[in-house]
Structure formats: structure tokens, C-alpha cells
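Trainee: Return a 3D structure for these sequence lines:
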Amino acid sequence: MKITAIDSCVLTVPTSRQMALEFAHHKLVVAEIATDEGIRGLGYSFIFGGGGAESVLVYLETRLKPLLLGEDPRSVESLWEKMYRGDRGVRRVGIAGMALSALDIGLWDIAGKAAKLPLYKLWGAVTDRVACYGSGGWGKYREADLVAEAERYAGMGCAYYKMKIHDPDPLANRKRVETVKKALGPGVRMMVDVNQRLDVEGNIRQARQLEDFDLVWYEEPVSSDDNFSCALVSESIAIPVATGENHYNRYEFRDLIERRAARYLMPDVCRANGFSETLRIARLAAAHGVQVSPHVVYEISIQVSGAIPNGFLVELMDWMPPDLFEELPLCKDGHIRIPDRPGHGMTLHKGAIAKYRSAGG
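Mentor: Next up is the predicted model:
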């Protein structure tokens, strides 16, 4: 089997009504990989808010795509190494990491289809059903928006809900968390997300205001570039720290683990150099007794969580229109059943590219 073509583009996809209070749209960098045996693989990177998507597309097209044409797509690990080592002067983080991710995801989709297996079974299944948490609670939401979203996820059976704490006043954040906690009652546990907005002392002050809520985790307290400070926060607060959505490879995650900077690691398969590297990160975490909760793109993250013994939760962010994908996996009783379709199981809806393709992308 040989790769004969890779068609790529950027899709600009409007968000759901509630998320649109914070983000009008997200973007996907899509790579459709064709082979001489008729098997096609779908890869994509989800670009939150859309920033940098066009740059990801350019790097994919000009630097990575030429490395794959004519190769056997089933040699995923070999091709991953070829892409990862293709530019010695460019670190595979940020734009380059997201471009590689899209292609790696597409290659694994082909490998699964060729084997006639869903990826989690190809990788050695642990479970076919993954627990999820409802995610949102953005800073621009009014309290009514917060409660409505939290209750909607609880109505899906989610036993966990994550919200943002973006107000500069720690007491204002406490009030918002308390409002949601009261609305949800004892059956739903909560997490909070700082989104890298505070320094060490600011996080210590904020966390002290939230310790009595029995939070599952306190997410991304400091800049993702600063593992040292993340470790200081982790050792200074009583709430477990989660981080990793903006870390891109096993070496960055190794540093987090060795510093004991987080109890939960959150690799994003669309940032962390695809399925290949995310699986390595998850296995590294397992060797140190650390749980993994993949960041967003739950529709394909479930494949990773279904194949690892230390998977905790996947992040259900209900944002996309119904005509983006065919047969989107659904949350039922707080869990998502992994599709039994070969590969990662996702197919773009007929007409999605024509409808959402960005001008010039």
C-alpha cells in the first residue's frame, strides 16, 4: 500500500450558541490521505479559537506532506520518526506539532481500517466505554449561562463538570464556583481551570478560596512553559493539579512527572504530535502512577483512553454543529461508548468541507 495523495484544508466551524459567548468559531486543519488500495485516512488538528490554523496548514503542506507521499501508510511509527526528525532546526511543538498530529492521526486511521479494527482494539483494548466530564464555564458566561450549561451536562449523566476561573478577584471566582456547586448538588463533582492566568502566589491565594469544594483538580495554574512554577503550585495547594494540554511531547511530560508538577496529565492528540506520541506519554505516566485525561477532541481521544490502564476521563465539550461529522459518539449515562468502526471511527459529514472550508484554505 502506498500514499498517493494528501488533500488538506482549513475548516472554520461556528460554535454552539452558548460557547459563542466566548468563541465565535474554531478551526480544523484537515488532512485526507489517499492510498493506491482505496483506503483513505482522515486526520485533523483542532485549533481552539482558530488562531494559527493557516500556519499549521502551510507547515503540513510544505514540510511534512512531501515526506509521506509514496510511503506505506501502515508504517506509522517509521513515518512519525521521519516527520519528527525532518527539520532539525524546528522543534515539534506549537504549529509544527499540530501539523504532525493531523497527519499521524490520518495514518493511524488507515492502519486501523487496513486491520479492520478500531484503534483502541488495535492498540490492545482496556475498555470500550469511557467516562467523560462536561467542560465549559467560560469567563464571559453570566451565572445563568454557567448554571444552564452545567445542568445540561448533568442531564447527560455527567458526574463531573469543569468551569473556568478567570476573574482577577479570587472571591468572585469562589462565588461562581459556589453558585454552580449548589445548582448541581452532591451528585456532580467539579474541576476548575485557570488557563495559565496566574503566578505562583496568585494560585495559592485562589486555591485556598476553593479548598472546601472537594474539587477533582485545579487545572493549568501557570504558563505551560514554566514547569518549575507548576510544581511549586502543586506542592503548595491542597487541590490536585492537572496540566498538559499545551505540552507537546514525551520529554515535556517527563519533566512534569519528574517534578511532580501534576497528578493528572492532559495531552491533546491534536497538539501532542498525534496518537503515536500521546500513547507514549500515557504509558510513561502509567509507569509513574499518574492518570491521563485527554484534552478536548473527545470523539477521537476516546480511542486512546480505551487502550490505556490509567485513563481517567475524556473532556466532553459540546460545541460543534450536527453537520460536521457523521455519527458523532454520544454521551449516555456519563459515558461514551467507543465506536466499533475501523480506524478512529470519524468521518466528515458529506458537504462539510464545501460548507466550512476557509477562503484560501
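Trainee: Please count neighbours and contacts with C-alpha atoms only from this point.
Mentor: Fine.
Trainee: quick one, helices of the stretch 51-200 of the chain?
Mentor: Here the stretch 51-200 of the chain has its helices, by DSSP state H, counting those that start in this stretch, at 53-59, 65-68, 76-84, 94-115, 119-122, 143-155, 170-184, 200-208.
Trainee: With distance to P339 as added columns, please give these in CSV.
Mentor: Listed next are these as CSV, based on distance: least, C-alpha to C-alpha, whole Å:
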stretch, distance to P339
helix 53-59, 28
helix 65-68, 28
helix 76-84, 22
helix 94-115, 13
helix 119-122, 10
helix 143-155, 21
helix 170-184, 30
helix 200-208, 38
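Trainee: looking at those helices, which is closest to Y44?
Mentor: When the helices of the stretch 51-200 of the chain are compared by C-alpha to C-alpha, helix 94-115 sits nearest Y44, at 4.2 Å.
Trainee: winner for burial among the helices of the stretch 51-200 of the chain?
Mentor: Neighbour counts (mean count of other C-alpha atoms under 10 Å) averaged over each of these peak at helix 94-115, with a mean of 26.
Trainee: and it, what other elements does it pack with?
Mentor: Here helix 94-115 touches strand 25-35, strand 40-47, helix 53-59, helix 76-84, helix 119-122, helix 274-286, going by 3 or more C-alpha pairs under 8 Å, 6 or more residues apart in numbering; DSSP states H and E.
Trainee: Please compute how far the shortest one lies from its chain's middle.
Mentor: Mean-position distance between helix 119-122 and its chain equals 19 Å (C-alpha atoms, centre = their mean, to the nearest Å).
Trainee: what does that helix rub up against?
Mentor: 108-109, 112, 115, 126, 303-307, 342-344 (C-alpha atoms under 8 Å, 6 or more residues apart in numbering).
Trainee: pLDDT of that helix, averaged?
Mentor: Averaging pLDDT along helix 119-122 gives 98.
Trainee: Restricting to C-alpha, output it in CSV.
Mentor: Output in CSV follows, covering the C-alpha atoms of helix 119-122 (Å, rounded to 0.1, in the frame of the first residue of the first chain):
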residue,chain,number,x,y,z
LEU,A,119,-7.8,1.8,17.0
TYR,A,120,-8.3,1.1,20.7
LYS,A,121,-8.5,-2.6,19.9
LEU,A,122,-5.5,-2.4,17.5
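Trainee: Could you give the number of residues near E326?
Mentor: As a burial measure, E326 scores 14 neighbours (other C-alpha atoms under 10 Å).
Trainee: Please name the spatially closest residue to it (chain neighbours excluded).
Mentor: The shortest distance from E326 to any non-neighbouring residue, by C-alpha to C-alpha, 6 or more residues apart in numbering, is to H349 (4.9 Å).
Trainee: tally of neighbours for that neighbour?
Mentor: Residues near H349, counting by other C-alpha under 10 Å, number 14.
Trainee: In contact with it, which residues?
Mentor: By C-alpha under 8 Å, 6+ apart, the contact set of H349 is 323-326.
Trainee: Which among those count as buried?
Mentor: Buried by 16 or more other C-alpha atoms under 10 Å: 324-325, out of the contacts of H349.
Trainee: Show me the contacts of H349 that map onto strands.
Mentor: 325-326 (DSSP state E).
Trainee: State the pLDDT value of L279.
Mentor: pLDDT recorded at L279 is 98.
Trainee: for G361, that is, sorry about that
Mentor: At G361, the model reports a pLDDT of 66.
Trainee: got a markdown table for the contacts of H349, with pLDDT and distance to V233 too?
Mentor: Compiled in a markdown table, the contacts of H349 are given as follows (pLDDT from 0 to 100; distance: C-alpha to C-alpha, whole Å):
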| residue | pLDDT | distance to V233 |
| --- | --- | --- |
| D323 | 96 | 42 |
| L324 | 97 | 39 |
| F325 | 97 | 39 |
| E326 | 96 | 42 |
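Trainee: Select, out of the helices of the stretch 51-200 of the chain, the one closest to E252.
Mentor: helix 94-115 (12.8 Å).
Trainee: now the closest one, how far from the chain's geometric center?
Mentor: Helix 94-115 has its C-alpha centroid displaced from the chain centroid by 14 Å (C-alpha atoms, centre = their mean).
Trainee: and it with strand 25-35, angle?
Mentor: 50 degrees (axes from the mean of the first three to the mean of the last three C-alpha atoms, to 10 degrees).
Trainee: can you list the domains in this protein?
Mentor: The chain breaks down by automatic domain parsing into domains covering 3-116+350-356, 121-347.
Trainee: D214 - how many residues pack around it?
Mentor: Using other C-alpha under 10 Å, D214 is surrounded by 12 other residues.
Trainee: Please apply the same query to the one 3 residues further on.
Mentor: As a burial measure, W217 scores 21 neighbours (other C-alpha under 10 Å).
Trainee: shouldn't it be in contact with R189?
Mentor: No. With contacts counted by C-alpha atoms under 8 Å, W217 stays clear of R189, the gap being 9.9 Å.
Trainee: Dump the helices and strands packed on helix 94-115 to TSV, plus distance to R357.
Mentor: Output for these, formatted as TSV (distance: least, C-alpha to C-alpha, whole Å):
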stretch	distance to R357
strand 25-35	9
strand 40-47	13
helix 53-59	12
helix 76-84	26
helix 119-122	28
helix 274-286	22
